[in-house]
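**Q** Just to be clear, the model below is a prediction. Sequence and coordinates:
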Amino acid sequence: MSPGIFITQIIARPGTTQQMERLTVDHSHLRDSRILLVEDAVPTQLLVQLLLEDHFHVATADSAEQAQIQSLEETPDLILLDINLAEDGMSGLELCKDLKSRAATRHIPIIFLTSAECDDTEEACWNAGGQDFIRKPINETTLLNRIRNQLILKRQAENLTRMAYVDPLTCSFNRRYFEEQLNAQVAHNARHHRSMSLLMLDIDNFKRVNDTYGHTTGDECLELVASALREEVGRPMDQVCRYGGEEFAILLPETDLTGATWIAGKINKRFRDRLAEIPSGGVDEEGLPGLTVSIGVACRLPSEGVKSLICRADQALYQAKQSGRDCFCVAEVYPDHPALMGV
């Protein structure tokens, strides 16, 4: 079910008006929205840019390959997609299907630009996963209103998702979201033979923090760790989740083992450097003690399922704990291969 249909059904139910009013989007924020225009005809590209430049941030791509890269790296809020891209590459319909098949981009609304007026073309747009379409020649009012409508629906859907999938303390995704996304990522990687990695992370000696400084300080430490993790992973497609208690999980789509261990090393260094700035046994200027983390790193193996991937990452985390904490360990590839300790 698309977010638009879901929202419409909620609004139609009795007694939900007040709930929806609390989710109303401030439309002025739409000016910060990023629009990716995928159009290989230069005159149309220039025209659409001119019409949108005073209303949104607009980036352009003139091929499906460029659009794939920009969608993954920059995660636009909406894509305007010409249905008839150059014949030597992927068509607009094929690109839409590809983006909708990826967990990192399937949530991005896509509006097709088309010169065709037949019913078959309209049906093809819907079947490919498009949210709307605009006919050429383009009418400015229609273009702006349809973009705004999709952005508003996207913001409302994101608010509902946040209520269902975000941990209120750390503002990270919760375990329910993690499990759903991991299943989707594994299925996608199995179909498209792409790499993905999983980090399982635990705050070292967290019980001692709670016992020494109290649970309020412990909660503030969880917030600090979650914020630091989000800053270190960097890419919009990377997802930091609170797995439970003081344990976090990080989903890294399109990431091989080399990339995953590099990120794990960055995370360890960040907390290690912060610890070095705090007097021994003391606290920082915000009253929070020094912390270190242990990390298990696993890159999905060919044909590997969700349970196996979690199990290997968890075993690597246990190995990091046993190896003295404040480090990462790489999961075993085969049962007879010991985990490799990271520094």
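**A** Everything's here; your move.
**Q** Only C-alpha atoms from now on, for both contacts and neighbour counts.
**A** Noted.
**Q** what about the helices in the stretch 51-200 of the chain?
**A** For the stretch 51-200 of the chain, the helices defined by DSSP state H, counting those that start in this stretch occupy 64-74, 92-101, 119-128, 140-165, 175-192.
**Q** Now render those as JSON lines, adding distance to G218 and mean pLDDT.
**A** Shown next, in JSON lines, are these (distance: least, Cα to Cα, whole Å; pLDDT from 0 to 100):
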{"stretch": "helix 64-74", "distance to G218": "34", "mean pLDDT": "93"}
{"stretch": "helix 92-101", "distance to G218": "39", "mean pLDDT": "95"}
{"stretch": "helix 119-128", "distance to G218": "47", "mean pLDDT": "92"}
{"stretch": "helix 140-165", "distance to G218": "22", "mean pLDDT": "93"}
{"stretch": "helix 175-192", "distance to G218": "20", "mean pLDDT": "93"}
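**Q** Can you add distance to G234 and mean neighbour count and give the ones you listed back as JSON lines?
**A** JSON lines is the format used below for the helices of the stretch 51-200 of the chain (distance: least, Cα to Cα, whole Å; neighbours: other Cα atoms under 10 Å):
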{"stretch": "helix 64-74", "distance to G234": "10", "mean neighbour count": "16"}
{"stretch": "helix 92-101", "distance to G234": "21", "mean neighbour count": "20"}
{"stretch": "helix 119-128", "distance to G234": "30", "mean neighbour count": "14"}
{"stretch": "helix 140-165", "distance to G234": "20", "mean neighbour count": "16"}
{"stretch": "helix 175-192", "distance to G234": "18", "mean neighbour count": "18"}
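**Q** Let me have the ones you listed in a markdown table, adding distance to R34 as columns.
**A** Below are these laid out as a markdown table (distance: least, Cα to Cα, whole Å):
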| stretch | distance to R34 |
| --- | --- |
| helix 64-74 | 9 |
| helix 92-101 | 17 |
| helix 119-128 | 22 |
| helix 140-165 | 10 |
| helix 175-192 | 24 |
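**Q** which intervals of the stretch 201-343 of the chain have sub-threshold pLDDT?
**A** Flagging of the stretch 201-343 of the chain using pLDDT under 70 yields the residue ranges 334-343.
**Q** which residues in it form helices?
**A** Under DSSP H, counting those that start in this stretch, the stretch 201-343 of the chain gives helices at 206-213, 215-233, 257-276, 306-322.
**Q** Out of those helices, which gets nearest to L36?
**A** When those are compared by Cα to Cα, helix 215-233 sits nearest L36, at 23.2 Å.
**Q** correct me, but K100 touches E94?
**A** No: with contact defined as Cα atoms under 8 Å, K100 and E94 do not form a contacting pair (9.9 Å).
**Q** which ones are touching the spatially closest residue to D62 that is not a sequence neighbour?
**A** In this structure, D62 finds its nearest non-sequential neighbour in D40, 4.3 Å apart by Cα to Cα, 6 or more residues apart in numbering. Applying Cα atoms under 8 Å, 6 or more residues apart in numbering, we find D40 in contact with 61-63, 82, 85-86.
**Q** Mind checking which of those are in strands?
**A** If you go by DSSP state E, the contacts of D40 have 61, 82 in strands.
**Q** quick one: which of the contacts of D40 is nearest K154?
**A** For the contacts of D40, the nearest to K154 is D82 (20.9 Å; Cα to Cα).
**Q** any idea how far the closest one is from S227?
**A** Note on D82: its distance to S227, by Cα to Cα, to the nearest Å, is 38 Å.
**Q** Compare those two and say which one has the larger neighbour count.
**A** Using other Cα atoms under 10 Å, the more surrounded residue of D82 and S227 is D82, with 26 against 15.
**Q** returning to that earlier point: A strand includes the residue nearest to D62, no?
**A** No: counting by DSSP: H, G, I helix; E, B strand; the rest coil, D40 is not found in a strand; it is coil.
**Q** From C125, how far out is it?
**A** Separation of D40 from C125 (Cα to Cα): 18 Å.
**Q** just A67 next, same as before
**A** A67 sits 18 Å away from C125, going by Cα to Cα.
**Q** Repeat that for E94.
**A** In terms of Cα to Cα, E94 sits 10 Å off from C125.
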